[in-house]
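A.B. asks: Sequence and predicted structure, then a few things I'm wondering about:
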Amino acid sequence: METPILYIGNRRFSSWSLRAWLVMKKAGLAFDETLVPLNQADTRQALSAISPGGTVPALHTRNAVIWDSLAICEWAAEQAPELWPVHEGQRGRARSAVAMMHAGFMALRETCPMDLCRSPSAIMPSDATQLDIARLQALWHDVKSVDGPWLFGRWSIADAVFTPVAARFYAYDIPLHAEAQAYCDTLLADEDYRVWHQAAQAETFANPYDNPI
């Protein structure tokens with residue numbers, strides 16, 4: 001196999017797939033993509049066949065199978081180092097911000113699952129969710145570069161990781177500070193994200209959430 005294959009979940013709902021896909025696109029890497037519909041009778045069997053972790057995204061290269069979104073991002077950065085900031089200090093901050101998102105903000109994830117077809121409407125977030133929203137805005141403010149619209153000046157893996165967050169804030173009509181809103185607007189206006197978003201609108205899979213918010 002010469003061309004890597006990126007296995008993704010439903011574009012409408014799979015935030016982890018979106019992150020990996022954006023990074024592969026921004027890296028300028030040639031790859032094929034295969035969608036594995038989630039929450040179907042045969043989903044578990046299909047995922048077991050392509051992902052040791054039983055999850056998507058999963059990247060199949062000539063030499064490896066990589067089944068974690070951050071690991072896929074790091075593989076892409078080995079091919080295209082510009083996916084991380086050049087300056088060591090900025091690179092460390094970017095990796096720290098990405099790790100925080102990769103492992104945390106569980107209240108926001110649970111209360112506001114990504115749904116790219118949801119008509120924007122407000123909810124009453126829990127105290128824990130409000131805390132996550134405040135922490136995210138503070139994080140963005142603390143690391144935001146003045147050199148461009150992206151978090152670290154030019155587009156980086158950090159921007160891929162936070163794009164689904166911007167989509168959540170939009171879908172659930174979360175009020176943000178002006179600086180955070182401007183950053184979210186930048187993420188959601190990105191050309192590659194718009195391609196993914198348009199494809200999500202065309203999907204006809206059932207909503208996987210038992211009780212959609």
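C.D. replies: Structure received.

A.B. asks: so residue 28 makes contact with residue 76?
C.D. replies: No: under the criterion of CB atoms under 8 Å, residue 28 makes no contact with residue 76, lying 9.7 Å away. Just so you know, the C-beta spots here come from the backbone N, C-alpha and C atoms, and that holds for glycine as well.

A.B. asks: Between the two, which is the more surrounded one?
C.D. replies: Neighbour totals were compared for residue 28 and residue 76, and residue 76 leads with 27 against 10 (other CB atoms under 10 Å).

A.B. asks: which SS state does the more buried one fall under?
C.D. replies: helix (DSSP: H, G, I helix; E, B strand; the rest coil).

A.B. asks: Break the protein down into its domains, please.
C.D. replies: 5-81, 85-196 (automatic domain parsing).

A.B. asks: could I get those as a markdown table with distance to residue 203?
C.D. replies: Shown next, in a markdown table, are these (distance: least, CB to CB, whole Å):
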| stretch | distance to residue 203 |
| --- | --- |
| domain 5-81 | 5 |
| domain 85-196 | 8 |
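
A.B. asks: Can you give me the buried ones in the helix or strand harbouring residue 180?
C.D. replies: Element membership for residue 180 (DSSP states H and E) is helix 178-189. By neighbour count on 16 or more other CB atoms under 10 Å, the buried set for helix 178-189 is 180-181, 183-184, 186-187.

A.B. asks: List the buried residues for the helix or strand of the chain with the lowest mean pLDDT?
C.D. replies: Ranking every helix and strand in the chain by mean pLDDT, DSSP states H and E puts helix 43-50 at the bottom, with a mean of 93. For helix 43-50, burial by neighbour count (16+ other CB under 10 Å) applies to 43, 46-47, 50.

A.B. asks: which strands and helices sit next to that helix?
C.D. replies: strand 58-60 (3 or more CB pairs under 8 Å, 6 or more residues apart in numbering; DSSP states H and E).

A.B. asks: Let me see the mean pLDDT of the next helix-or-strand element following the strand it packs on.
C.D. replies: Going down the chain from strand 58-60, the next helix or strand is strand 65-66, by DSSP H and E. Mean pLDDT, computed over strand 65-66, is 98.

A.B. asks: Give me the contacts around strand 65-66.
C.D. replies: For strand 65-66, the external contacting residues (CB atoms under 8 Å, 6 or more residues apart in numbering) are 50-52, 58-59, 72, 75.

A.B. asks: avg pLDDT for stretch 140-154?
C.D. replies: 92.

A.B. asks: how far is it from where the chain is centred?
C.D. replies: Mean C-alpha position of stretch 140-154 versus that of the full chain (CA atoms, centre = their mean, to the nearest Å) differs by 18 Å.

A.B. asks: Could you check it and say which residues are buried?
C.D. replies: 140, 144-145, 149-153.

A.B. asks: What of stretch 58-68?
C.D. replies: 58-61, 66-68.

A.B. asks: Ok, stretch 29-48 next?
C.D. replies: 31, 35-36, 38, 43, 46-47.
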